[in-house]
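A.B. asks: sharing a model prediction with you, sequence too.
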Amino acid sequence: NAGVTQTPKFRVLKTGQSMTLLCAQDMNHEYMYWYRQDPGMGLRLIHYSVGEGTTAKGEVPDGYNVSRLKKQNFLLGLESAAPSQTSVYFCASTLGYEQYFGPGTRLTVT
Amino acid sequence: RKEVEQDPGPFNVPEGATVAFNCTYSNSASQSFFWYRQDCRKEPKLLMSVYSSGNEDGRFTAQLNRASQYISLLIRDSKLSDSATYLCVLIGFQKLVFGTGTRLLVSP
């Protein structure tokens, strides 16, 4: 039982490049979330999903897209990376109220 | 006004000390509250839920004051391993709302 995993752990992008962050969970959770965490800002919700095939916008969705084609996977895409998207990205899943987080992806956009 | 507000700290305490953090929230309709712990460069993990009547888990005590709209976390007999950032969290519609965290540093 791996819990929540994230791929990759680190990435450096140039402005304008695209990439996809993968989140996978093996706990059969319905709800999944993508957050970004910046110094002094705390965790901010980007997008979330309440089940396979569904997605919804969070607090800071601009510049990101998501897909939930399979229940266990939640993908976060950056179509054209900007330096403002330099951050640590956490994925989480939940069945009840406890959120289980992945280890994070450290993304730097130069 | 932010939905959840916390003193960022850091709170510097010696081993064995008792330390308390508060967290205020603005939405009086909020029903469920939690404390999460986040170690440096790691993911947040649930520490404990907060019940209206107050609850204890070993050295940790959580309290909720609905009238004044704050929750608190008390840590007794602090250990070096308690050094971390403590996040106040409440449940919103289909999602959790996180505070920015209070940093605790426990020194020998």
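C.D. replies: Alright, I've got the coordinates. Numbering: from 1, shown residues only, chains lettered A, B, ... in the order given.

A.B. asks: beta partners for the residue nearest to the spatial centre of chain A?
C.D. replies: Residue closest to the mean C-alpha point of chain A, counted by Cα atoms, centre = their mean, is residue A:34 at 3.3 Å. Beta-bridge partners of residue A:34, counted by DSSP bridges, are residue A:47, residue A:91.

A.B. asks: quick one, what contacts it?
C.D. replies: Contacts for residue A:34 (Cβ atoms under 8 Å, 6 or more residues apart in numbering or on different chains) come out as A:21, A:23, A:45-48, A:58, A:64, A:66, A:74, A:76, A:89-91. C-beta here means a position set from N, CA and C on the backbone, and glycine is covered the same way.

A.B. asks: gap between it and residue A:72?
C.D. replies: As judged by Cβ to Cβ, to the nearest Å, residue A:34 and residue A:72 stand 15 Å apart.

A.B. asks: what about residue 106, how many neighbours?
C.D. replies: In the absence of a named chain, this looks at chain A. If you count neighbours by other Cβ atoms under 10 Å in any protein chain shown, residue A:106 ends up with 15.

A.B. asks: wrong chain, I was asking about chain B
C.D. replies: Neighbour number of residue B:106 under other Cβ under 10 Å is 20.

A.B. asks: test of understanding: give the bridge partners of it.
C.D. replies: residue B:13.

A.B. asks: I'd say it and residue B:84 touch.
C.D. replies: No. Contact criterion Cβ atoms under 8 Å: residue B:106 and residue B:84 do not qualify, at 9.2 Å.

A.B. asks: mind checking how far stretch A:48-60 is from the chain centre?
C.D. replies: With Cα atoms, centre = their mean, to the nearest Å as the basis, stretch A:48-60 stands 11 Å off its chain's centre.

A.B. asks: repeat for stretch B:73-90
C.D. replies: How far stretch B:73-90 lies from its chain's middle: 7 Å, per Cα atoms, centre = their mean.

A.B. asks: how about residue A:11, secondary structure?
C.D. replies: Here residue A:11 is recorded as strand under DSSP: H, G, I helix; E, B strand; the rest coil.

A.B. asks: close enough to count as contact, it and residue A:18?
C.D. replies: No. Applying Cβ under 8 Å, one finds residue A:11 not in contact with residue A:18, separated by 11.5 Å.

A.B. asks: what about those two, which has more around it?
C.D. replies: residue A:11 (17 against 10).

A.B. asks: what about the nearest residue to that one once chain neighbours are set aside, how many neighbours?
C.D. replies: Spatial nearest neighbour of residue A:11, chain neighbours left out: residue A:107 (5.2 Å); criterion: Cβ to Cβ, 6 or more residues apart in numbering or on different chains. For residue A:107, the count of nearby residues is 20 (other Cβ under 10 Å).

A.B. asks: tell me the contacts of residue A:107?
C.D. replies: A:10-13, A:19, A:21, A:81, A:85-89.

A.B. asks: okay, now residue B:40: neighbour count?
C.D. replies: Residue B:40: 8 surrounding residues under other Cβ under 10 Å.
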